[in-house]
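1. Output the structure for:
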Amino acid sequence: MGFFNFFSKEKKETLDSGLSKTKENVFDKLTRAVAGKSRVDDEVLDNLEEALVTSDVGVETTLRIIERIEQRVARDKYINTAELNVILKEEIVKLLAENETGNAVDFTAELPAKPYVIMVVGVNGVGKTTTIGKLAYQFKKAGKKVYLGAADTFRAAAVEQLSIWGDRVGVPVIKQKMGADPASVAYDTLMSAKTNGADVVIIDTAGRLHNKVNLMNELTKIRNVMSKVVPDTPHEVLLVLDGSTGQNAFEQAKQFTKATQVTALAITKLDGTAKGGVVIGISDQFKIPVKYIGLGEGLEHLQLFNKEEFVDSLLG
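-> Down below sits the predicted model:
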């Protein structure tokens, strides 16, 4: 199946537009890497390595990609620079597949549980609450009944923001007073969702990293309380990262994967940044699938991740 069979033309255009700055950055560096060369040699590989590292792919992941290309060059004996971009695409797609970052299931697909419970984690400012609102929109648009839980009770603005998204999308938001026990909010949300036959429950949590022990304890408590209402929940722990922060997103991923069992990633704010390579590096380093990418402010601009489409848009 070809790349363009996966997405609608509109979504492909959004992806191309959203990744345009990263594409321009990477493509410019790759062009310089092969300038004046007719074949892939050590100098070209050194230049390619620099291009990938400076595009926030990350050192370790870059070295893995370079090693794979070196193996291709050694095996095929002669590879010209015109083939390099094709080979680079192929190896990155393979890398993403190995890291379980494939192509996320469509919002219209049948969910493995009812209600399907998603706990969303991430620091303040990464687009966490906005991502929840967009997810709610996409699931509702697909015919799912959605409930939101405002368990980030330490910031009045967080509860208010989630309530605004709930009104905008047209889904109920379960909340308590500021400073309430987050686990209590999660409990109330699941009880209400279960009683009313909800298909999807999305729980917002506090975005603080100032004390990792407190964060870990809080998230563990929320998980334990939810599992009493709906066994084996949450079904998904979604970590939201700001792609425009580049290497800082790696550090956030490191801290949250220590604090709780993260099962999926949403990487936001990829539009307007030249650091889109961070998607590849984070997936590779943490072996967690990228499920969603944010490419703009619109409700439709949160897209399901598709590795072939992403790499094709990134590398041109």
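
2. what ranges do the helices span in the chain?
-> For the chain, the helices defined by DSSP state H occupy 9-18, 20-34, 42-53, 59-76, 81-98, 128-141, 156-169, 182-195, 212-229, 247-259, 278-286, 307-315.

3. Mind listing what's buried along the fifth one?
-> In this case it means helix 81-98. For helix 81-98, burial by neighbour count (16 or more other CB atoms under 10 Å) applies to 81, 84, 87, 88, 89, 91, 92, 93, 95, 96. Any C-beta I mention is one placed from the backbone N, CA and C, and that applies to glycine too.

4. Output the contacting helices and strands for that helix.
-> In this structure, helix 81-98 packs against helix 20-34, helix 42-53, helix 59-76, helix 278-286, helix 307-315, with contacts taken as 3 or more CB pairs under 8 Å, 6 or more residues apart in numbering; DSSP states H and E.

5. Could you export that helix as PDB, CA atoms only?
-> Once side chains and other backbone atoms are set aside, the C-alpha atoms of helix 81-98 remain, and they are given as PDB (Å, rounded to 0.1, in the frame of the first residue of the first chain):
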ATOM      1  CA  THR A  81      24.000  10.100  -2.900                       C
ATOM      2  CA  ALA A  82      20.700  10.200  -4.900                       C
ATOM      3  CA  GLU A  83      19.700   7.000  -3.100                       C
ATOM      4  CA  LEU A  84      20.600   8.200   0.300                       C
ATOM      5  CA  ASN A  85      17.300   9.900   1.100                       C
ATOM      6  CA  VAL A  86      15.300   6.800   0.100                       C
ATOM      7  CA  ILE A  87      17.500   4.600   2.300                       C
ATOM      8  CA  LEU A  88      17.300   7.100   5.100                       C
ATOM      9  CA  LYS A  89      13.500   7.000   5.000                       C
ATOM     10  CA  GLU A  90      13.400   3.200   4.900                       C
ATOM     11  CA  GLU A  91      15.700   2.800   7.900                       C
ATOM     12  CA  ILE A  92      13.800   5.300  10.000                       C
ATOM     13  CA  VAL A  93      10.500   3.700   9.300                       C
ATOM     14  CA  LYS A  94      12.000   0.300  10.200                       C
ATOM     15  CA  LEU A  95      13.400   1.800  13.400                       C
ATOM     16  CA  LEU A  96      10.000   3.200  14.400                       C
ATOM     17  CA  ALA A  97       8.300  -0.100  13.600                       C
ATOM     18  CA  GLU A  98      10.800  -1.900  15.900                       C
END
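
6. So which of the helices of the chain is the most surrounded?
-> Between these, helix 278-286 has the highest mean count of neighbours, a mean of 24, where neighbours are mean count of other CB atoms under 10 Å.
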